[in-house]
Each structure stands twice: as C-alpha cells, then as structure tokens.
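S.K.: Have a look; sequence and predicted model below, questions after that.
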Amino acid sequence: MTSAIAVAGLRKSYGDHAVLDGVDLDVPRGTVLALLGSNGAGKTTVVRILSTLLRADGGTATVNGFDVAGQPEQVRGSISLTGQFAAVDQVLTGRENLVLMARLRHLDDAGRVAGDLLTRFDLTDAADRRVATYSGGMRRRLDIAMSLVGDPPVLFLDEPTTGLDPQSRTAVWATVRELAGSGTTVLLTTQYLDEAEQLADRIAILHRGRIIVEGTLAELRRLLPPATVEHVEKQSTLEEVFLAVVGSGGQAGR
Amino acid sequence: MSAGHAVRDTRRLVGRSLRHVLRSPDTIITTAVTPIAMLLLFVYVLGGAIDVGGAEYVTYLLPGILLITVASGVAYTAFRLFTDVSTGIVERFRSMAIARSALLWGHVVTSVVANLVSVVLVVLVALLMGFRSGAGVLAWLAVAGILVLFTLALTWLAVVPGLTATTVDGVSGFSYPLVFLPFVSSAFVPTESMPGPVRWFAEHQPVTSIVDALRALLTEQPVGSAGWTAVAWCLGLLVVAYVWAVRTYRRTVS
C-alpha cells in the first residue's frame, strides 16, 4: 500500500452537467501532487469528495487506505482540509482556534501543540488577539496551522494561496515544502501554474472532468516539441505546456 | 463514533459558542431590550386602558413578554450558525473526525443558556416594575421547564434558516412572525375581547396555552388543562423542528 490517495473512475454530475467524468489519480505517500485546472474544472469537487464532504456518483476513491464512501470516519481521522476560504473562527484568538482544533482531535497537550504551531507560523505576537484583527495572510497561515494540528498524514490544500500577497504566498510555499520533506502527502489544487511548478512532485491537469495529463514537470515538458536550439535555449514553462494541452482558447470545462 | 465522544465534542463546541456570546454580550442585551421596551410601553402607556380583571397588568403581561424574548433571541442562534456555514467552519468540522451531531448541539445548548440569561434580565426589570409572584419552588421550576422546552423548540426551528439562508437578512427575517404571534394570543389582552375568527385563532394557537400555563403558575392559580396543552405544543413543535433541522443539515452539507 504505497498510495496515499488512489482514485479510479470518479464521476459526479449536477443535473446534466458532468463535473467529473471518470477521474483517475494516484498519489504516492509523502509526495505533493498539484491538481491544475481552470475555474470550474472540478478541482474543488475532487477535494470535497476525497475529504468526505460530498458523495461521488460513481468510481472509487481511497485515502490513506480507507474508502471514502465506506469508511468516512477513518478517512476523516487521516486527513486535513484547508478550503478555498480561510475557515477560521474570527471571534476567537489565534491560540484559541488552535487549542480548539487540538481538543477536537482529542490531543492531550492542546496548549503545547497550539504554542508550537504559533511559533512555526510566526503568529506568536498575534496569538492572543482576535482573528478578526488579522490580515489575510495571517488568517491563511492560521488556517493552514489549524490543518496541521495532530499531524494528519494526508493534507488537502484547495487553492491555498488565492488572494494572498507575494510574501504570504512564499511563506505558504515554504510550509508545503517542509511538510512534504517530513513525509506528509499533499494534494494541492491551484490555478497558478508557477505554484505547481514550484511545489509539486507530480502535476495532474484536470480538464472537462478528466485528468488529461499527469506526470512530473520534466515529463510534462516532454509533451511539447523539444526546445529548438537557436541562439538561446529556453525551456518551455509549465504555462506553455498547460495552454498547449488544454487548447489555448482556454475554454473552461462547463 | 461512541456516545462518549459525541458528548465530549459537543461540550467543546458549546464552550466555543458560549465564548462567542460572552465576547458579544450585546446579543444578550439586545435580545432583552426590545421585550423590556414593550413591557414599559404596555404597562405604562397602554396598560391603563386594558382591563385584565383586577390583576396587576405587569404580572398579566410578563409571560407573553418572556416568549417574545425567546422568539427574538433565537435569531442570534440562526445568525451564529449562518456565520459558521458561510465562513467554511462547518465544512472544516465536518471533514474532521468529530461526532456529526456535535456542531448543531453546540449551538443549541448555547442558545438555551443565552436565552435564559435574557429571560432573567427581563424578569428582573419586571420585578422593578412591580411584578410579584407568590409561586413556590415547584411552580418556578415548572415555569423554567416550559421556557426551556419552548426555547429548544424555537432554537431547532432557527437551525433551518441558519443552515439554508444565503444572506444575513434572510437569517434574521424568520423570527419576525414568531415575535408577532404573541400579539394574537392571550399575551396582551384576554381573548374574550377579540372578534370571532381572531378569537378562534388566538385560542387555538400555541402561544395562548403556553402563556396561560405560565400565568397560572406565576399567580398560583390552578393550571388546569392549559399546562398539558402547553407542554404538548412545545414537545410537538420541538419534534417537528428537530426532524426538519437534522434533515436540512444532512441535505445541505453532504
């Protein structure tokens, strides 16, 4: 059992509109997979199904070896979800948010866990202020810190840097790298191609409800004709690969 | 998920939302202010022209005012739940291994506590205005019991807009008819003074039997069948609202 996340033939429709039309994915343990796609491509739907918030219409999905439909309780015990919008309690302080998460994860030393995460995410100074006073970047950092309480083996990050300033974005990237280094499996959705390029071991492109390409950045680059040798050799960026495989018209899968 | 876990998770989430109430005590005060204003208006402005057969009007009026207090107070419960849904906190909790029921019960228990505090404030003001009761401990316990049942029923009813509303206005709007209902009951004037159809409605809607039961308990009169009718209304409303709320919860977030 080397896959942290294994998805086969996943389908989900809303009425006549098939959001997911047979998605296959395999994320080995301890790796970072970036799920790339335009708005409306179904990235969030995949994440919601894998985190047991939504039922699939068909196909199978296992997370940490547990079936999302049959063993949702065990799946929830293995994962953490950071959604598109920072889901933090604004009335509580940063520390209280973390302590609450630690208690809900039934950890014994909630206070210490919270303190460690506050230090790690550079929130110590703001720890005892209400989250309502935090900046967007601080909220996002707290949000991700809350997801790490209890060291879940599998982490879902749904567009973790959307709406962040460049510094906060770099800070989030550093965190994801650190997590990957310590053996956490990360499934990250993003529409920023450089983010995928920076962070992911493997990249999957979701388009019109299917994974149309999946591989390492190097493998994806090989899909394009090799860089022609002119005066300057320039490697194709992931952005060029992306636009080439989805069609440069960039029609979102609606 | 064992019952022990469910109780523990609920306790933690009650702690969380009680903290919300403590940090915005204005919710408790606002809840009490409108009923207190009504109490003043009806006792000192209109009361002189209302004939309730000898009793002090403030004593006659108090039970209905207490129901109005609860009816307006549960709007805050709906609002707190709505905030949790719209900020993604409900999703965060649902993707964790937390008892399913804990989130709703957390809000419901808090609602009962907050509303009882508002009710006590209103009773204190009524005492200043000359309300007196010779009721014994058992009668007061019965009054508290009916008010708790009524609060539970309205709170579960408030869960439905809390989960489904799309705007803040939609959340608070639902409580207006609840606040209005006591006006067409025996809360302000005896139903005998009303014209035929209105009187029929007033005598057959839940507020009248609940008000009559509370009034009889507080004025040491025989409660008669009004007591059982009141309890039956509260329990019936509670069951319907609970089933509706739980079904809505399952439907809206899965």
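M.R.: On my side now, so go ahead.
S.K.: Now find how far off-centre the longest helix along chain A is within its chain.
M.R.: The longest helix of chain A (DSSP state H) is helix A:166-181. How far helix A:166-181 lies from its chain's middle: 12 Å, per C-alpha atoms, centre = their mean, to the nearest Å.
S.K.: Skip ahead from it and say which helix or strand is next.
M.R.: Sequence order places strand A:185-190 as the next helix or strand after helix A:166-181, per DSSP states H and E.
S.K.: Identify all contacting residues around that following strand.
M.R.: Residues from elsewhere that reach strand A:185-190 (C-beta atoms under 8 Å, 6 or more residues apart in numbering or on different chains): A:4-5, A:27-37, A:43-44, A:46-47, A:50, A:153-161, A:176, A:179-180, A:195-196, A:199-200. (Glycine included, C-beta is placed from N, CA and C.)
S.K.: filter the residues you listed by proximity to chain B?
M.R.: Counting by C-beta under 8 Å from any C-beta of the partner chain, nothing from these sits close to chain B.
S.K.: Among those, which lie within strands?
M.R.: When the contacts of strand A:185-190 are checked against strands (DSSP state E), the matches are A:4-5, A:27-28, A:32-36, A:154-158.
S.K.: Find the residue at the geometric middle of chain B.
M.R.: The centroid of chain B falls nearest to B:Val70 when counting by C-alpha atoms, centre = their mean (2.9 Å).
S.K.: I'd like the secondary structure assignment at that one, please.
M.R.: At B:Val70, secondary structure determined by DSSP: H, G, I helix; E, B strand; the rest coil is helix.
S.K.: how close does it get to A:Phe66?
M.R.: Between B:Val70 and A:Phe66 the distance is 44 Å, computed by C-beta to C-beta, to the nearest Å.
S.K.: ok, which pair from the ones in strands among the contacts of strand A:185-190 is furthest apart?
M.R.: A:Pro28 and A:Asp158 (20.5 Å; C-beta to C-beta).
S.K.: and the two? which has more neighbours close in?
M.R.: A:Asp158 (22 against 14; other C-beta atoms under 10 Å in any protein chain shown).
S.K.: Could you tell me which residues make contact with the more buried one?
M.R.: Taking C-beta under 8 Å, 6+ apart, one finds A:43-44, A:47, A:81-84, A:189 in contact with A:Asp158.
S.K.: Give me the pLDDT value at residue 97.
M.R.: In the absence of a named chain, chain A is used. At A:Asn97, the model reports a pLDDT of 95.
S.K.: actually it's chain B I care about, not the one you picked
M.R.: For B:Ala97, the model assigns a pLDDT of 89.
S.K.: again, but for A:Lys12
M.R.: Confidence score, pLDDT, at A:Lys12: 92.
S.K.: A:Ser78 versus the closest residue to chain B within the stretch 151-254 of chain A, what's the distance?
M.R.: When scored by C-beta to the nearest C-beta, the stretch 151-254 of chain A has A:Phe156 as its residue closest to chain B, at 8.2 Å. Counting by C-beta to C-beta, the separation of A:Phe156 from A:Ser78 is 11 Å.
S.K.: Those two - which one has more neighbours?
M.R.: Each of A:Phe156 and A:Ser78 has its neighbours counted (other C-beta under 10 Å); A:Phe156 has more, 26 against 17.
S.K.: Please list the residues of the stretch 1-150 of chain A that sit near chain B.
M.R.: Counting by C-beta under 8 Å from any C-beta, the stretch 1-150 of chain A sits next to chain B at A:51-55, A:73, A:76-77, A:79-81, A:83-92, A:96, A:100, A:103-106, A:130, A:146.
S.K.: List buried residues within the residues you listed.
M.R.: A:51-54, A:76-77, A:79-81, A:83-92, A:96, A:100, A:103-105, A:130, A:146 (16 or more other C-beta atoms under 10 Å in any protein chain shown).
S.K.: Look at the residue nearest to the centre of chain B and report its pLDDT.
M.R.: 93.
S.K.: ok, it touching B:Ala153?
M.R.: No - with contact defined as C-beta atoms under 8 Å, B:Val70 and B:Ala153 do not form a contacting pair (9.4 Å).
S.K.: Let me see the ranges of the helices in the stretch 1-150 of chain B.
M.R.: B:3-23, B:26-40, B:57-86, B:89-94, B:102-128, B:137-164 (DSSP state H, counting those that start in this stretch).
S.K.: Identify the residues contacting the spatially closest residue to B:Phe42 that is not a sequence neighbour.
M.R.: Excluding the flanking residues, the one nearest B:Phe42 by C-beta to C-beta, 6 or more residues apart in numbering or on different chains is B:Leu61, at 5.7 Å. The contact partners of B:Leu61, taken as C-beta under 8 Å, 6+ apart, are B:39, B:42-43, B:47, B:187-188.
S.K.: want to throw the residues you listed into TSV with pLDDT?
M.R.: Written out in TSV, the entries for the contacts of B:Leu61 read as follows (pLDDT from 0 to 100):
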residue	pLDDT
B:Leu39	89
B:Phe42	86
B:Val43	84
B:Gly47	74
B:Ala187	81
B:Phe188	80
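S.K.: Closest to A:Thr62 out of those?
M.R.: When the contacts of B:Leu61 are compared for distance to A:Thr62 (C-beta to C-beta), B:Ala187 comes out closest, at 58.6 Å.
S.K.: ok, the closest one to chain A distance?
M.R.: From B:Ala187 across to chain A, the span is 34 Å (C-beta to the nearest C-beta, to the nearest Å).
S.K.: so what's that residue up against?
M.R.: Counting by C-beta under 8 Å, 6+ apart, B:Ala187 has contacts B:61, B:63-65, B:67-68, B:207-208, B:211.
S.K.: same deal with B:Val207?
M.R.: B:64, B:67, B:181-182, B:184-187.
S.K.: and with 10 Å instead?
M.R.: Counting by C-beta atoms under 10 Å, 6 or more residues apart in numbering or on different chains, B:Val207 touches B:63-64, B:67-68, B:71, B:150, B:178, B:181-187, B:230, B:233.
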